[in-house]
Each structure stands twice: as structure tokens, then as C-alpha cells.
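# Sequence first, predicted model second:
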Amino acid sequence: MYHGDLEHEADDDTWDPCIRNGNSVINIFLFAFTTQTTIGYGFRYPTDACPLVVMTMCIQFMVGVMCQTLMAGVIFAKLARPIKRAATIMFSKHAVICMRNGKLCLQFRVGDMRKSLLAEAHVRLQMIKKCITLEGETLPFHQFDMNVGYDSGLDRVFVIWPITISHEINEESPLYEVSRDTLTKSRFEIIALLEGVVESVGSTTQARTSYLPNEILWGKRFVKLLTEQRENGQYKINLEKFHDCVDVEGTPNCSAKELDEMESSMASSLVNIPPHIALQLASKEGSEIDFDAAHALRQRYPGGTNRITIDSDDDDNDPDIPHRPVYPSNSFSKKLSTPDSEIRRKQSQQIRRGPDLF
């Protein structure tokens, strides 16, 4: 335009234009499009009459290449990002507190609805609660870490089917002093996180949920989802029962701290119960014994000799036998009617504590 190419006709042989056959705006646009797509010049081509045209073509080419590169990167990143990957991870609507291997445990269920698996999946559990420091400072949203097996590697899970994550309530747990009565009056929120790497694209994804005190059920456990099909040896997962819970008999209403204090107070008078005595107690019809606490005491104090004797509750004249008093509350005592329960209990102690895969 500044050279005057648009003012001359295309068949004017006395004029040397910057762009041959580019005497209109449409022809100039087609020339620029040909330059950008690098399809080669034909009817329209540049000349050496205008050095500024050569510089403009170089700038256009570099800007065009950068725009194409950025556009390709944006499209690839958009397509490679997992679409709603975290939305396919399910958490149970409620968390439960029940006995697991003689300990109070907080449990919740998690499952992945997609066929593509999460690599390096691991679980984290935190409680957000008001805390007051020793100096009197109030922390309204302090985070307490809840152990789900970090030290033993049990926090790394394989979510090929719905699994149950268990947190043992011990002296290091923020739920150590929480009982069934104080649970409904407590103010906290437990946040559960599941992180993993998506196999297909290699990106990290995270799914989160939270549980309030009114969403934690005391004395319940999750129902089993897997059933074996004997005709083909396969397992069938019934996801309709994913959130279902059942009552667990023998769950104490007291806190884990009170439970440990009961065992500690009785350790001064009852330290060891021989296995054959426990089997005699278990074999008597209708006799009651808190076998979980007795077994724990035998492991903690293996060399003790102090005992408590009580009268047997049958009508024969057998001598009095050492016996551990039953807990005085909340149906924590169990009825044992067969000696096989001792064998089953020993086998359960050998099972590696971790996520319930069934």
C-alpha cells in the first residue's frame, strides 16, 4: 500500500510491485495465507523491489509458528487431562467405629468405579478441630494427623475393588478420649483423601470427602460386598450395598482411653490367665468372659502371678478357678460356648492388619 501497488494495474509492465499480481486486498490476503501455510508461491510471489516485504514475511512466519505451537500444546494438555477422574471414586456415606483385633477402630470404605486402575494410590486421614496450646493460644482449625499405616506401608492401597480403610484408635489418635456419648457432642471434621496416578495419562489425581460427628456410626461395620460364584470361580461385587452397615455386638460404649484404663487397673490383681483355664471357662455353657482383654493382658504381663478367684457358676463341686472380672458396662462381655473360639482367635492374630479387601 505504501509502495503504491494497489494504484497500478496487474498488466502494467512499467511498474515493479512488491508482490507480483497483488494489486488488491484479497490478493494480498491470499499471499499472506500462502506464506503462513508454506504451500509454495504460484501466481502471487514477492519481488526484490521492497526489502520491507521480506522482513514482514519473516516476522509473520515466526509469529505463526509460535501460535501453532501454543495451540497444539493447549489442545494436547486438554485432551490428556483425566476428565472427572476423581468423580468416579466413591466414599462411604458414613464412617463407623467398631472393634478390630481387640482395638477400637474408625473405618470407612472407598472404591473406584473405573476399570483403569490408580497407580501408587495411598490414603491420608486428618482431623480438623479446635485446639488450645500450652501458652493459651487458640487454634480454631488445627489439623491432627490420623495414622492409617504410614509406618508399615498400609496407607498404600490397591483399589481393584472396594476396600475398607481402618484407623486404630490408640493414645496417639485424636479420637482416643471420644466415647459413644461424647461423639455426638464433639465438634470436628475428619477429611479422607485418596491420591494416585492415572495409568492412562500419568497425571496425579486426588479424591476427597469428609465426615462430621453425626456421620460416624458407633458399633457398626460395613457389610461384605464380594460373593464367590462357585460355577466359574469368579467374584461378584454388589455395589448396591456399598453404604450399608450392620450392628456389631460387643462394641464398648466407652472411649479407647477408658478401655485401656480398665485393663491397667485390673493388671494389679489379674495379670495372667493360663490358656487351659480360659478354655475351661469358654467350654462351660453360658459362662461369660471378656476374652479380648484377657488375651491382651496375657501378652502385656506374661510373667505375673497375681490372680483373682471366684466361684464357678455351675452346680458341681469343682474347685474355684482364676477368672477375670467382666467389664461392668455396655455389653462388652462375650459369650463363648466352644473351645474352637481360642483357635480362631489365635489365627486372627496372625492376619496382617491392613485394609479389608472384602
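Thanks, I have it.

# how about low-confidence regions in this protein?
The model of the chain has pLDDT under 70 over residues 1-16, 22-23, 40, 80-83, 266-358.

# ok, now with 50
Along the chain, segments meeting pLDDT under 50 span 269-271, 275-339, 347-358.

# Which positions in the longest strand along it come out as buried?
As assigned by DSSP state E, the longest strand anywhere in the chain is strand 118-132. For strand 118-132, burial by neighbour count (16 or more other CB atoms under 10 Å) applies to 118, 121-129. Every C-beta, even on glycine, is put in place using the N, C-alpha and C of the backbone.

# What of stretch 73-93?
Buried residues in stretch 73-93 (16+ other CB under 10 Å): 82, 85, 88-92.

# could you redo the residues you listed as TSV and give each row secondary structure and distance to F158?
Below are those laid out as TSV (DSSP: H, G, I helix; E, B strand; the rest coil; distance: CB to CB, whole Å):
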residue	secondary structure	distance to F158
P82	coil	19
R85	coil	17
T88	helix	16
I89	strand	14
M90	strand	16
F91	strand	17
S92	coil	18
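
# between these, which is nearest L139?
Comparing the buried residues of stretch 73-93 against L139 with CB to CB places F91 closest, at 26.8 Å.

# what's the following helix or strand after the longest strand of the chain?
Going down the chain from strand 118-132, the next helix or strand is strand 138-145, by DSSP states H and E.

# What strands line up against that following strand, and which way round?
In the sheet, strand 138-145 lines up against strand 118-132 (antiparallel) (DSSP bridges).

# Include distance to C254 when you put the buried residues of stretch 73-93 into CSV, please.
Formatted as CSV, the buried residues of stretch 73-93 follow (distance: CB to CB, whole Å):
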residue, distance to C254
P82, 45
R85, 42
T88, 39
I89, 35
M90, 32
F91, 28
S92, 25
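
# Out of those residues, flag the one nearest to S255.
S92 (22.9 Å).

# what sits against the closest one?
The neighbours of S92, taking CB atoms under 8 Å, 6 or more residues apart in numbering as the test, are 108-110, 222, 242-243.

# Could you do S179 as well?
Shown in contact with S179 (CB under 8 Å, 6+ apart): 253-255, 258.

# With K185 as the reference, measure out to it.
Separation of S179 from K185 (CB to CB, to the nearest Å) stands at 10 Å.

# likewise M146?
Distance, M146 to K185, by CB to CB: 20 Å.

# Look at those two and report which has more neighbours.
Between M146 and K185, counted using other CB atoms under 10 Å, M146 has the larger neighbour count: 21 against 8.

# Quick check: chain neighbours aside, which residue is closest to that one?
With sequence-adjacent residues excluded and distances taken as CB to CB, 6 or more residues apart in numbering, M146 is closest to L125, at 4.1 Å.
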